[in-house]
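J.: Pasting the sequence and the predicted coordinates here, then a few questions.
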Amino acid sequence: MFGERPYAAVSTAELAQRAGVARGLINHYFGNKRDLYLAVVRRMVTLPRQDKVSIPDGTPGERVDAIVGWLLDTIVEHGTTWVKVTSHEGVGDDPEVQQILDQADDAAAERMLMMIGRADLADSAPLRALVLAYAGLVKVAGREWITRATLTRAQVHQLLADTLLTMITVTIPSVLITEPAPTVETGER
């Protein structure tokens, strides 16, 4: 229901009726509508377990194709609800929602670096930022596909695959060359 209508237009009574449970049961497990919404946000942005993802050992293009397919499968599984919660269309500028989204973005950046075979780069702020920028593209492309129907899944797949492949083969190596070596503090002065 949060994917169908704005947060304010969804009542706890309607949620309970649609779920086929008593309203008190929702209150017992979640407290109130906002807490239920936060649980929905967490669920929408939590990536599937790593063992559910099969990334081939083939060429970079084959790996990217598999990664993007997995991303799009994850998006389509949750549809408009995913679009709403990842684009702040839910409860607006809520610090708790933002914290959940930021944590999910960080986890997704680490997962993406691992999936492209560069988990060793997770501590690089510029490379994490590149992956987070890519995540922004994923969110916008997902919205254009799922809710606006201005792009097809195939078009979104092509856009995301081309961009990710360029990041892996051109951008990341370029950043690695220009990134200063980390300094090691010894504690001595």
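T.: Structure received. Numbers count the residues shown, from 1 in each chain.

J.: Can you give me every residue that contacts residue 147?
T.: Residues near residue 147 by C-beta atoms under 8 Å, 6 or more residues apart in numbering: 80, 83. Where C-beta positions appear, they are placed from N, C-alpha and C, glycine not excepted.

J.: Now it. Its backbone dihedrals?
T.: Here is the backbone geometry of residue 147 (degrees, to the nearest 10): phi -100, psi -30.

J.: Would you quantify the distance from it to residue 159?
T.: 16 Å (C-beta to C-beta, to the nearest Å).

J.: Buried residues, the longest helix seen in the chain. List them.
T.: Of all the segments of type helix in the chain, defined by DSSP state H, the longest one is helix 60-86. Neighbour counts over helix 60-86 (16 or more other C-beta atoms under 10 Å) mark 63-68, 70-72, 74-75, 78, 81-86 as buried.

J.: any idea of the pLDDT on residue 89?
T.: We note a pLDDT of 56 for residue 89 in this prediction.

J.: so what's the residue nearest to residue 65 when sequence neighbours are not counted up against?
T.: Of all residues not flanking residue 65 in the chain, residue 161 sits nearest, at 5.8 Å (C-beta to C-beta, 6 or more residues apart in numbering). Taking C-beta under 8 Å, 6+ apart as the criterion, residue 161 is in contact with 61, 64, 65, 68.

J.: would you turn the residues you listed into CSV with distance to residue 154 and pLDDT?
T.: Listed next are the contacts of residue 161 as CSV, based on distance: C-beta to C-beta, whole Å; pLDDT from 0 to 100:
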residue, distance to residue 154, pLDDT
61, 16, 90
64, 15, 91
65, 12, 91
68, 11, 92
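
J.: and those residues as TSV, adding distance to residue 101?
T.: Output for the contacts of residue 161, formatted as TSV (distance: C-beta to C-beta, whole Å):
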residue	distance to residue 101
61	30
64	25
65	27
68	21
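
J.: which SSE is the residue lying closest to residue 38 once chain neighbours are set aside in?
T.: Leaving aside its chain neighbours, residue 38 sits nearest to residue 96 (6.1 Å; criterion: C-beta to C-beta, 6+ apart). Assessed by DSSP states H and E, residue 96 sits inside helix 95-115.

J.: Determine the angle, from 0 to 180 degrees, between that helix and helix 60-86.
T.: 170 degrees (axes from the mean of the first three to the mean of the last three C-alpha atoms, to 10 degrees).

J.: how about helix 95-115: buried residues?
T.: Here helix 95-115 shows 97, 100-101, 104-105, 108-115 as buried, counting by 16+ other C-beta under 10 Å.
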